[in-house]
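[1] Sharing a model prediction with you, sequence too.
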Amino acid sequence: MNLNKIPATVVTGFLGSGKTTLLAAMLRQVTGKRIAVIVNEFGEQDIDSSLLRGCALSCEEGNEEGRDEAGGAPVEIENGIYELANGCICCTVEEEFLPVMKQLMARRDTIDHILIETSGLALPKPLVQAFNWPEVRQHCTVDAIITVVDGPAVAAGRYAHDVERVEAQRRADESLDHDPSLRELLDDQLSVADLVLVSKTDLLDPAERARVEALVAQRVPASVKTLFIDKGLAEDRAQLEALMGIGAASEEGIDRIDNHHDRHHAEGAHHDHAHDHFDSCVIRLGEVDGEALAARLQQLLQHHEIYRAKGFAAIPGKPMRRVIQAVGERLDGYFDRLWGQDEPRATQLVFIGKGLDGAALHAALADVEIATSA
Ligand SMILES: Nc1nc2c(ncn2[C@@H]2O[C@H](COP(=O)(O)OP(=O)(O)OP(=O)(O)O)[C@@H](O)[C@H]2O)c(=O)[nH]1
């Protein structure tokens, strides 16, 4: 029935769960398919698409800016990668996602598969429902919704702890009545899953693995498979290829799935999402002392409610760009590529969390910047 439609895989999962790592592994290792990628970020900076650019297979040149000349619909930024950085995809389906899909439909003969990474705070259902709109449905189907679950975070009870904390805040502050917990977000992302991937298994011992497996099993039907992955399954090409071609046609049953998004609408409540209560800010600096930056970030992660931090750092004397990644209190860094000849050697970091004070974060990081003699 779907033979002539382009299959699209929707990858969802909480902030830092491992979605980009999975996409990068798929783009690097799945051969013989022309894959278009749509990346949706919560923060205003296109970190993920910048990381994925080196992995995309198509060789078409695109517009680096990621916006058309009028600043309207997003356009291809490079190598078949489209960036939707204007907020969570669940709230921008019509303004952001549909124009990109129209562009992809116009060149449908050059695309075998579409990979879509939602932001870590997005509710995936409105996106999947958009595949039932006539202009999309005619040409495209959802091959599968893959929900990536952060194994160590779930094993550590991060979602449960957050529920307790939010409940305590609710009792103290009635205005937080509609603040959905991280567990609701996890439940929403799992409620639509055709396949669950538990990530970061290298960091899980057998008891933790069993705990995560039990938690997932309580939330998905027995027919939904759970796989454990390590660094996006990077070592196992066959398994990665099997992720494309599941043929679930997920859009067909999506209206029957009840989740938090629907409950809010059914109750006639304000359009209220988990991400309404998260903040993001971008800190921009020049070249920085790499070690001092890591030490300062580690302190910030401990003392602020930062769920995710990521970006790039310019280190004096180093010809390569340093990628900075933080999930919860775990901080990681590595050099990924040479700075471009015309690219400014600058540091930019995106923080996502609750109650973030951008000025305070900037002040805390300002003295790791290396003063340049003007
Ligand atoms: N140890 C370990 N780290 C992993 C694994 N998969 C991902 N990571 C790390 O987890 C961090 C977040 O990974 P991403 O792939 O960027 O996560 P994401 O879900 O795309 O993040 P957002 O788009 O910000 O929501 C990075 O530092 C990754 O290197 C894994 O299997 N093992």
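    Yep, that arrived.
[2] From residue 348, how far off is the one residue in the stretch 251-374 of the chain that gets nearest to the ligand?
    With Cβ to the nearest ligand atom as the measure, residue 325 is the residue of the stretch 251-374 of the chain nearest to the ligand, at 3.2 Å. C-beta: built from backbone N, CA, C; applies to glycine. Per Cβ to Cβ, to the nearest Å, residue 325 is found 14 Å from residue 348.
[3] again with residue 118
    22 Å.
[4] quick one, which of the two is more surrounded?
    residue 118 (28 against 16; other Cβ atoms under 10 Å).
[5] is it true that that one touches residue 11?
    Yes - contact status for residue 118 versus residue 11: in contact at 7.0 Å, counting by Cβ atoms under 8 Å.
[6] Mutual contacts of those two, please.
    residue 19 (Cβ atoms under 8 Å, 6 or more residues apart in numbering).
[7] Okay, and residue 39 sits in which element?
    Residue 39 belongs to strand 35-40 when elements are defined using DSSP states H and E.
[8] partners of that strand, with directions?
    Here strand 35-40 has these sheet partners by DSSP bridges: strand 81-84 (parallel), strand 113-117 (parallel).
[9] Tabulate the CA atom coordinates of that strand in PDB.
    Taking Å, rounded to 0.1, in the frame of the first residue of the first chain, the C-alpha atoms of strand 35-40 are listed here in PDB:
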ATOM      1  CA  ILE A  35      18.600  10.100   3.200                       C
ATOM      2  CA  ALA A  36      17.200  13.600   4.000                       C
ATOM      3  CA  VAL A  37      17.500  14.700   7.600                       C
ATOM      4  CA  ILE A  38      15.200  17.100   9.500                       C
ATOM      5  CA  VAL A  39      16.600  18.200  12.900                       C
ATOM      6  CA  ASN A  40      14.500  20.100  15.400                       C
END
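[10] The helix or strand just after that strand vs the ligand: in contact?
    Per DSSP H and E, the first helix or strand lying C-terminal to strand 35-40 is helix 47-53. Yes - Helix 47-53 comes into contact with the ligand (Cβ under 6 Å from any ligand atom), by way of residue 48.
[11] same check, this time on stretch 352-368
    No - on the criterion Cβ under 6 Å from any ligand atom, stretch 352-368 is out of touch with the ligand, staying 7.2 Å away.
[12] Next, the buried residues of the helix or strand encompassing residue 311.
    Using DSSP H and E, residue 311 maps to strand 306-313. Within strand 306-313, the residues that count as buried by 16 or more other Cβ atoms under 10 Å are 306, 307, 308, 309, 310, 311, 312, 313.
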